[in-house]
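Engineer: build the 3D model from these lines:
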Amino acid sequence: MKIAFCCTDTPAEPWLEGLAAALPGADLSVWQPGAPQADYAVVWAPPQQFLDEQPALRALFAIGAGVDALLRLRLPPGALVVRLDDAGMAVQMAEFVCHAVIRHFRELGGYEAEMRAGHWGFRKPRLRSDFPVGVMGLGVLGERVARALAHFEFPVNGWSRTPKAIEGVRSFSGQGALRDFLGASRVLVNLLPLTPETQGILNRATLGALQPGGYLVNVARGAHLVEDDLLALIASGHLAGAALDVFRTEPLPAGHPFWSEPRIALTPHTSARTLRAESIAQIAGKIAQLQAGDAGIRGVVDVRRGY
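Structural biologist: You can find the predicted model right below:
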C-alpha cells in the first residue's frame, strides 16, 4: 500500500512519522514529480501536476475540514475525496465563536477601550433575548457551534440546505426559508462550505436582512463575504460590526480597509486549527477501513455539491 503526502506549506516529517506508526507496513513518501503511482494521498492545496500524475488514486484525504480549493482542480477519476470529520476542530470552533458572540453581546471591546483610556464605568446590561444568533451551515462544526451557543442561553436559529433537528435550535432549511432565518437573527455566524452557490452569499441583501444592529461572525471562507457590502452596512449603522477570521486574500494585505475599521475584530484564520495527532488517527483509520473492503467511511465529499 503506497501513500503519497502532498501538503503545501506543511512540514512533512511529523505527518509521515505519525502515519507510519498508525499504519505499519505502509509505503509512505513525500510526493515528487514523476513519483510512482500511489494508492492513497494525504493532501492540502496540492498542485494540479500531482493529480495529473496520480490517475489511479483510490482516495484523497484532506488534512482540513474545507475542500473547496481541492475541488477546483481536475481530480483523478474514481478517487474519493475525504475531509476531516472533526479531529478536534469542532470544539475549537465552538470556543472561538462563543467568544466572539459573547464579546460583542457583553460589549467587552468597549470596556477594554475605556479601561485603557483610564475610564472606569459600566454599561446597561443587555438581554440575550434581544440577540438571537443565526448559524448558517449545520454540518459537524455548525451543529457543535449551535449547541454551544444554546448552552449560553442565546436564542439560536440554524439554516441549512436540508432540514436538521438540533435540540435547542430553531431550524430553517432551503433557499425559501433564508429570508425568514435572517430576519429572525441579530448575530449571524457563517459556517457554510464554499461552493459556487455560496460564494458571495454574505452580501448587502443577506446582511441587510438581519435585525438592526446586526453582527457578523465569519469563520468559514473569505470568499463568502462581499467586503464592500459589509463595510457599507457598518458605516450605515445597520450592522454594529463583525468578527472576521477568514479573508479573500490571506494574509490580509497591508492597507486593506478592514485594518482601520475599529468595529471589525480580526484574527489570522485561527478559529479551528488542524490537530495533527487527531487527524492522523482519523485518516489512518479510514485508510484501514478501505483496505479491509469497507467503503462506508465518514467524511466522503459529494463532489457535485462541494461538501
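
Engineer: not counting sequence-adjacent ones, nearest residue to the residue most central in space within the chain?
Structural biologist: Nearest to the geometric centre of the chain sits Ala220, at 3.5 Å (Cα atoms, centre = their mean). Closest residue to Ala220 apart from its sequence neighbours, by Cβ to Cβ, 6 or more residues apart in numbering: Asn190 at 4.8 Å. For every residue, glycine as well, the C-beta is placed using N, CA and C.

Engineer: now do the same contact list for that neighbour.
Structural biologist: Met136, Gly137, Ile201, Leu202, Leu216, Val217, Asn218, Val219, Ala220, His224, Leu225 (Cβ atoms under 8 Å, 6 or more residues apart in numbering).

Engineer: same question for Asp68.
Structural biologist: Asp68 touches Pro193, Leu194, Thr195, Arg221, Gly306, counting by Cβ under 8 Å, 6+ apart.

Engineer: same check on Cys7?
Structural biologist: Cys7 neighbours (Cβ under 8 Å, 6+ apart): Trp15, Val42, Val43, Trp44, Ala45, Pro46, Ile63.

Engineer: distance of it from Leu194?
Structural biologist: According to Cβ to Cβ, to the nearest Å, Cys7 stands 19 Å off from Leu194.

Engineer: show me what contacts the nearest residue to Leu80 once chain neighbours are set aside?
Structural biologist: Distances taken as Cβ to Cβ, 6+ apart place Ala59 nearest to Leu80, at 4.1 Å, with adjacent residues excluded. Applying Cβ under 8 Å, 6+ apart, we find Ala59 in contact with Tyr40, Ala41, Ala79, Leu80, Val81, Val82, Lys286, Ile287, Leu290.

Engineer: wasn't Pro125 part of a strand?
Structural biologist: No: according to DSSP: H, G, I helix; E, B strand; the rest coil, Pro125 belongs to no strand; its state is coil.

Engineer: how much space separates it from Glu153?
Structural biologist: For Pro125 relative to Glu153 (Cβ to Cβ), the value is 14 Å.

Engineer: what do you get for Val300?
Structural biologist: Val300 is 36 Å from Glu153, by Cβ to Cβ.

Engineer: looking at it, Trp44 is touching Ala12, isn't it?
Structural biologist: No: using Cβ atoms under 8 Å, Trp44 is not in contact with Ala12; the gap is 11.0 Å.

Engineer: more neighbours: which of these two?
Structural biologist: Taking neighbours as other Cβ atoms under 10 Å, Trp44 and Ala12 compare with Trp44 leading, 20 against 15.

Engineer: phi and psi next, for the residue nearest to that one when sequence neighbours are not counted.
Structural biologist: The shortest distance from Trp44 to any non-neighbouring residue, by Cβ to Cβ, 6+ apart, is to Cys7 (4.0 Å). Dihedral pair for Cys7: phi -130, psi 110, per degrees, to the nearest 10.

Engineer: per-residue confidence at Cys7?
Structural biologist: Listed pLDDT for Cys7 reads 97.
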